[in-house]
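Visitor: give me the fold of what follows.
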Amino acid sequence: VALRFVLTVIAVILPTLTNAKHVLMFVIDDLGFGDCSYKNVTYPSVDFGPMIPTPSIDELALGGVRLESYYVTQLCSPTRTSLLSGRYPYTIGMNGEVITDGNPDTMPLTLKTVADHLQEAGWATSAYGKWDAGMTSWGCTPTCRGFDHFNGFYNADEDYFKHTVGPYLDYRTDFEPNHNESGVYETEAISSQVSKWITAEMQSGNAGNTFAYVAHQAVHGPNQVPDRYLEGHCLDVIPEDRPTRRILCGMMRAVDESVKNITQTYKDLGIWEDTQVIFTTDNGGNPGTGGSNWPLRGQKATTFEGGVRGLGWVYGNDIQESLRGSINHQMLHVADWLPTIVHGIAGLSLDNLSKPGMPPPPPLDGIDQWGVITKNDTTLRTEMLLNLIPTGCKSTGFPCEVQGQAAIRIGKWKLLVGHTSVWAGATNSSLCTARSGQAQPNTVPLPVHPNTSTYWCPNGWTPPPESGHLPEPPPDVNCPNLPCSFNSSPYDNGGHFLFDVVNDPFERHNVVDQYPDIVRQLLARLEEFNATNIPQSHSKVDPASNPSNFGDVWTPWRGDPVPSHCSTNVTSPADGVQSALDGMVYNGSSCFVQGWVWDAKQQDGGIAPLNVTLWIDGKQLETIVANVPRPGIVPKTGAPNDEHGIYAPMPAEVCAAFASSTKQKLSAFALIGSAPVALHGSPKCYLDKSEKPC
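Guide: Reported below is the predicted structural model:
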């Protein structure tokens, strides 16, 4: 109830007055909390050792507002879909895993992205680098989700020079495969493309507001970087027997150079004073590929602070002069960026969250934090759902009401429940060990041999090797020497961990036994989320996605194959859902929509009648039972009356529109439970009651 009240209040708050005409957003992949050298200034009492120098990033961070209680999620796709949609990953079914290499999961197509909102208001929008928010059909891809221009790749990671995932190309300019960047280091290619786009926009004569979403793959594996970025600090300071850290150092220096070059272009064009810069990681760093979250506990794929407390800052003239160079300790979540950019910076209304022809989406979980960042207003955010994967767990101590993995912060308290490390149900994840880097091949640019990466403790603390400190295992396990394993610990078996992250941000003290009432309160709030039973995406790779079917290029494989049609049909016979929109039927002054929907995963293997809610051009029709016999149609299962036909009356205003002399497009969705399914053959176009080509 409290959350709904907060969202209602936000909807009527006036946007903060802003001078910004341009938003430049950097998303850095797997960027560790301790891998920008300005952290040495932010935490002067922490021994970081000689840090990777990031002078361009530091200048902006130290001249803007550093966000030191800012949270992302523990993995790539959940964070990116949350940022783009303004919802918690759990709310939109994206909390489960990373979308990669033929996985048909996607950010729900009912959602407007931040780019959709800006594009509708006339902003020029572009996206670069890593998408990782779905590519099942063309409607899932950036140029169908609000971005006018795209230069990058769809999957989760790829070769930095060949731009391939496996042997297949995954690099595009807009819809078209881009073979021209082969051999060009990806971070440099993206920097060049951003500068090229913003220059063309400013020289077009139609220059207005712009939004550039620059999502570098760096510093995610594979460990690859041109040799020149290793010269100096990376080779001089980082031990020779830690090549993964050396390579990541070079990758980070390439990112810093990218920030320098892109921002210099904005300065050269004379638009820098009108630009707001947002900089964020997508999750914590991965020590296995050289990242460092020191002094935080944990890493990527865990819900300790090292996995979810994000490195982030904002720079620009909208920030009050007295706050420039300051640290903001108020609670922010990655889902806040959509309302903060759309409402706070752009001054646009968020009253209409629905996409034309689509069922309405869930309410925003994000809130507009622009006043909090630029004027130090008091945030209305009091809680953050950090993770919820209801897949089953064992428990000690308190009853395991929330299954699988869960983490929540309310006020100063943060609770972790269940399997804390890597993915729920994983084994051998509580190690303090070493692993080789993820170089492809493993000799670019330095040899990476087994057991030469940094020792790392996913549930403990892992300082960078140049600090001279060894990793620290959690205090509640027996690990006298590295490497060690403690698989029977609560980290694998469903423990509970409570931290006061305001006074103990490095999570040194688990106070779960001292505050049982607080634990129960946070568990109760988690159970409120858990009771919504929102399915989380866990799909298997679809063999039909094999790029060999598409000229050896990673390509959307379902729905209409014409890219510009932006097909939203992501269903497949392999999913068990089949459907068709047969069309419109007129009966005097009334009209009906006709078709069928069948779902093999429903009761009795799909034989039982199926309840569906129809949406026609965004208008909800009554919930009906799809059981109308269809003459001449062979039943799906051989059982009588299981044709699952639809014959539903449509609203009078819809009938009138499709009987008019203006061509109208009919889009139809069926809501089966909470899952929208685009009826096969949708959309159809009509003129004077007759179907016409769209």
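Visitor: and the helix or strand Lys414 falls within, what's its mean pLDDT?
Guide: Using DSSP states H and E, Lys414 sits within strand 413-418. Strand 413-418 shows a mean pLDDT of 90.
Visitor: for stretch 51-71, same thing?
Guide: Averaged over stretch 51-71, pLDDT sits at 98.
Visitor: could you do stretch 256-274 as well?
Guide: Mean predicted confidence for stretch 256-274 is 97.
Visitor: then it to PDB, C-alphas only?
Guide: C-alpha atoms of stretch 256-274 as PDB (Å, rounded to 0.1, in the frame of the first residue of the first chain):
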ATOM      1  CA  ASP A 256      38.300   6.300 -20.000                       C
ATOM      2  CA  GLU A 257      39.600   7.400 -23.400                       C
ATOM      3  CA  SER A 258      36.200   6.800 -24.900                       C
ATOM      4  CA  VAL A 259      34.600   9.100 -22.300                       C
ATOM      5  CA  LYS A 260      37.200  11.700 -23.100                       C
ATOM      6  CA  ASN A 261      36.800  11.500 -26.800                       C
ATOM      7  CA  ILE A 262      33.000  11.500 -26.800                       C
ATOM      8  CA  THR A 263      32.700  14.400 -24.400                       C
ATOM      9  CA  GLN A 264      35.200  16.300 -26.400                       C
ATOM     10  CA  THR A 265      33.000  16.000 -29.400                       C
ATOM     11  CA  TYR A 266      30.100  17.500 -27.400                       C
ATOM     12  CA  LYS A 267      32.400  20.300 -26.400                       C
ATOM     13  CA  ASP A 268      33.600  20.900 -30.000                       C
ATOM     14  CA  LEU A 269      30.000  21.100 -31.200                       C
ATOM     15  CA  GLY A 270      29.200  23.800 -28.600                       C
ATOM     16  CA  ILE A 271      26.500  21.700 -26.800                       C
ATOM     17  CA  TRP A 272      28.500  20.600 -23.700                       C
ATOM     18  CA  GLU A 273      26.900  23.200 -21.500                       C
ATOM     19  CA  ASP A 274      23.400  21.900 -22.400                       C
END
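Visitor: for that stretch, buried residues please.
Guide: Buried positions in stretch 256-274, judged by neighbour count with 16 or more other CB atoms under 10 Å: 256-260, 262-263, 265-266, 269, 271-272, 274. All C-beta spots, glycine's among them, are computed from the backbone N, C-alpha and C.
Visitor: distance-wise, check Asp377 relative to Ser69.
Guide: According to CB to CB, to the nearest Å, Asp377 and Ser69 sit 15 Å apart.
Visitor: and the helices in the stretch 151-300 of the chain?
Guide: Applying DSSP state H, counting those that start in this stretch to the stretch 151-300 of the chain gives helices spanning 186-203, 233-237, 243-268.
Visitor: redo the ones you listed as TSV? Include distance to Asp148.
Guide: Formatted as TSV, the helices of the stretch 151-300 of the chain follow (distance: least, CB to CB, whole Å):
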stretch	distance to Asp148
helix 186-203	9
helix 233-237	37
helix 243-268	18
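Visitor: what's the closest of the ones you listed to Ile57?
Guide: Of all the helices of the stretch 151-300 of the chain, helix 243-268 sits nearest to Ile57, with 5.3 Å by CB to CB.
Visitor: what angle do the closest one and helix 186-203 make?
Guide: Computed by axes from the mean of the first three to the mean of the last three CA atoms, to 10 degrees, the angle separating helix 243-268 from helix 186-203 equals 10 degrees.
Visitor: any idea how far helix 243-268 is from the middle of the chain?
Guide: Relative to the mean C-alpha coordinate of its chain, helix 243-268 is positioned 22 Å out (CA atoms, centre = their mean, to the nearest Å).
Visitor: turn the buried residues of stretch 256-274 into CSV, including distance to Ile646.
Guide: CSV is the format used below for those (distance: CB to CB, whole Å):
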residue, distance to Ile646
Asp256, 57
Glu257, 57
Ser258, 52
Val259, 53
Lys260, 58
Ile262, 51
Thr263, 54
Thr265, 54
Tyr266, 53
Leu269, 54
Ile271, 52
Trp272, 56
Asp274, 52
